[in-house]
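> Following is a predicted model, sequence given first.
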Amino acid sequence: MELMPDATLTSLQLPPCALLINGQWRQSAHSFPVVDPANGQVLAQVASASLDDAAEALSAATNAFTHWRRSTATERSQLLQRWHQLMLQQRERLAQLLCAEQGKPISEARAEIDYAASYLNWFAGEALRLEGDWQHPSVAGRQLLNIPEPVGVVLALTPWNFPAAMVTRKLGAALAAGCTVLLKPAESTPLTALALAELAMEAGIAPGVIQVLPCATPDPLAAFLIASPQVAKVSFTGSTGVGRLLMQQSATTLKRLSLELGGNAPVLVFADADLDAAVTGIMAAKFRNAGQTCICINRVLADAKIAPELEQRLAAAVMALQVGAGQVDTVQIGPLISAKAVQKVQQLVEGAILQGARLVCQQRLPAALQPGPAGGYFFPPTMLADVTMQMGICQQEIFGPVLTLQTFTDEAQALQLANQTDGGLAAYLYGGDEKRNYRLARQLTAGMVGINATAISDARIPFGGVGSAGFGREGSKYGVADYLQLKHLCWELAE
Ligand SMILES: NC(=O)c1ccc[n+]([C@@H]2O[C@H](COP(=O)([O-])OP(=O)(O)OC[C@H]3O[C@@H](n4cnc5c(N)ncnc54)[C@H](O)[C@@H]3O)[C@@H](O)[C@H]2O)c1
Ligand SMILES: N[C@@H](CC=O)C(=O)O
């Protein structure tokens, strides 16, 4: 069984490993390595933006905004469409890059490229649907007009778990609205973002509309840009802790904010659920990207009547998952993003077991995937039962391939357990009683609820959370609205 391919480096078509400022690729004084998390090999050295680079990029974005905001919606739509087409033409190259720097299985990387491209297609359509309105005046002779206008220069901070889709989800909406962008991709996965920017330039998007600022240390760069009144909006996907910090930093200049932060998704499985569908849905939503997805299931809550059977079926599925380097076609679980991530998941599992959780099963990784001097940040698929809400593993996003199971005896307890969190991004439920499904869906603390379904991600849905999972919606028509502000015109016409 092949677990570790060795041809990754030779087959990758790297993008410019540079900064993109005002349509020009350029190096900077410092660079940082991008590493394949499956083996620790350096894939590329990427230029690291300094504060001077950031200032120049901001000035380019500010200048470009004066003309980009006046472009017609049709022009913006056509450019987004062209970018979308180029992404699809280069699907395999982009998927290989994404797989190499992020680690997810190649099938998931291809699916992410399709998903990412679908945001450009969607927002190309939304650009054409931007509308304002006219109101009846209370004073004769007046015209009252409400016109959507782009908010201005946007700082987009994207995470490493979806290096393509989070870029297009933010940039597609921003560009459709008429905003210009400073994109700072996650330091562990800048290559996919750079390749996407290369295609945006090829599509004909004007210099200055998109700047890309990879940076080894994001904190000072983001703080510097957020302090500037020229940046009108910040859109961030990542942890709740960093989201809080960015909100504090944004207070001084009162920026518009979209924060898509950590979730703690429960799935409720009732006794009348279709268990085949539930097992398939849970496995897909728990183990997507090795558990490193903001809408991954964190907690399986099962009716005590079917819990033993569900446990047995899930355990068999967990033990059957194939772990290895993402480039191998049959692999389902790739490495985690870093050694730190492996350590965090390990601590959560050990802490839960110390507090009384039962280890149902855990794969034994082959020697080639064990942590060693060559790197390779693999974590074995694991299942824990008898977990409680007092355990860190239930309070935090696990962000790793660990499935936890607890039980409930009635609907009220199911809801109470599910909602024991200070915020929610996604929640799921499986059950045969549609009235109960609807009742619970309305009461779950979450921005999105999957009912007998877990594959909810789609460019046309308003993606976002409540409470500590953040605010703002991405995708859908609401995603563009986050980049617009209404200008009201009260127009006294001489009759
Ligand atoms: N919602 C999501 O999709 C998502 C994505 C990444 C991480 N997380 C959560 O966060 C946990 C920790 O992961 P992490 O350490 O990579 O998350 P993080 O929030 O610290 O980092 C996410 C990205 O944000 C950027 N960032 C970090 N600090 C910043 C700052 N001060 N200013 C601007 N940008 C900054 C970095 O580029 C990084 O890649 C994960 O285990 C997971 O629970 C959630
Ligand atoms: N998984 C999310 C993105 C954040 O993790 C999605 O499905 O869009």
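Looks like it came in fine. Ligands and ions are numbered 1, 2, ... in the order given.

> Helices along the stretch 201-350 of the chain, start to end?
218-227, 240-251, 275-287, 307-320, 339-354 (DSSP state H, counting those that start in this stretch).

> and those helices, which is most packed in?
Each of those was scored by mean neighbour count; the highest is helix 275-287, a mean of 19, by mean count of other Cβ atoms under 10 Å. The way it works is simple: take the backbone N, C-alpha and C, and place the C-beta from them, glycine included.

> and the angle for that one with helix 307-320?
50 degrees (axes from the mean of the first three to the mean of the last three Cα atoms, to 10 degrees).

> Just the residues contacting helix 275-287, thanks.
Under the criterion Cβ atoms under 8 Å, 6 or more residues apart in numbering, residues 265, 267, 269, 293, 295-297, 300, 306, 309-310, 313-314, 317-318, 321, 332-333, 381, 401, 403, 428, 430, 450, 452-455 lie in contact with helix 275-287.

> so, in contact with ligand 2 or not, it?
No: taking Cβ under 6 Å from any ligand atom as the criterion, helix 275-287 and ligand 2 are apart, separated by no less than 9.7 Å.

> Dump that helix to CSV, restricted to CA.
C-alpha atoms of helix 275-287 as CSV (Å, rounded to 0.1, in the frame of the first residue of the first chain):
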residue,chain,number,x,y,z
LEU,A,275,-28.9,5.1,10.4
ASP,A,276,-27.3,4.3,7.1
ALA,A,277,-27.7,8.0,6.0
ALA,A,278,-26.7,9.2,9.5
VAL,A,279,-23.4,7.2,9.5
THR,A,280,-22.6,8.3,6.0
GLY,A,281,-23.4,12.0,6.8
ILE,A,282,-21.5,12.0,10.1
MET,A,283,-18.4,10.4,8.6
ALA,A,284,-18.4,12.9,5.7
ALA,A,285,-18.9,15.9,8.0
LYS,A,286,-16.6,14.8,10.8
PHE,A,287,-13.6,13.7,8.7
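
> Report the mean per-residue pLDDT for it.
For helix 275-287, the mean per-residue pLDDT is 98.

> for stretch 138-155, same thing?
pLDDT averaged over stretch 138-155 gives 96.

> Return the distance of it from the chain's centre.
Remark: stretch 138-155 is offset 32 Å from the chain centroid, using Cα atoms, centre = their mean, to the nearest Å.

> oh, and call the first residue 59 from now on, that's how I've got it
I'll keep to 59 as the first residue from here, and by that count the last item is stretch 196-213.

> What are the buried residues along it?
Buried residues in stretch 196-213, defined by neighbour count with 16 or more other Cβ atoms under 10 Å: 206-213.

> Buried only: go through the contacts of helix 333-345 for me.
Using 16+ other Cβ under 10 Å as the burial test, those include 323, 325, 327, 351, 353-355, 358, 364, 368, 371-372, 375-376, 379, 390-391, 439, 459, 461, 486, 488, 508, 510, 512 as buried.

> and Ser117, what helix or strand is that in?
helix 109-126 (DSSP states H and E).

> relative to helix 109-126, how tilted is the next helix or strand along the chain from that helix?
Next along the chain after helix 109-126, taking DSSP H and E as the criterion, comes helix 131-147. Between helix 131-147 and helix 109-126, the angle comes out at 130 degrees (the same axes, to 10 degrees).

> Please state the mean pLDDT value computed over helix 131-147.
The average pLDDT within helix 131-147 is 98.

> How about the contacts made by the closest residue to Met145 other than its chain neighbours?
In this structure, Met145 finds its nearest non-sequential neighbour in Ala175, 4.2 Å apart by Cβ to Cβ, 6 or more residues apart in numbering. Counting by Cβ under 8 Å, 6+ apart, Ala175 touches 142, 145-146, 149, 226.

> ditto for Pro393
95-96, 161, 348, 383-384, 434-437.

> So which of the residues you listed belong to strands?
In strands, judged by DSSP state E, none of the contacts of Pro393 are found.

> out of those residues, who's nearest ligand 2?
For those, the minimum distance to ligand 2 (Cβ to the nearest ligand atom) is 12.3 Å, reached by Ala348.

> Would you check that that closest one makes contact with Lys162?
Yes: judged on Cβ atoms under 8 Å, Ala348 makes contact with Lys162 at a distance of 7.1 Å.
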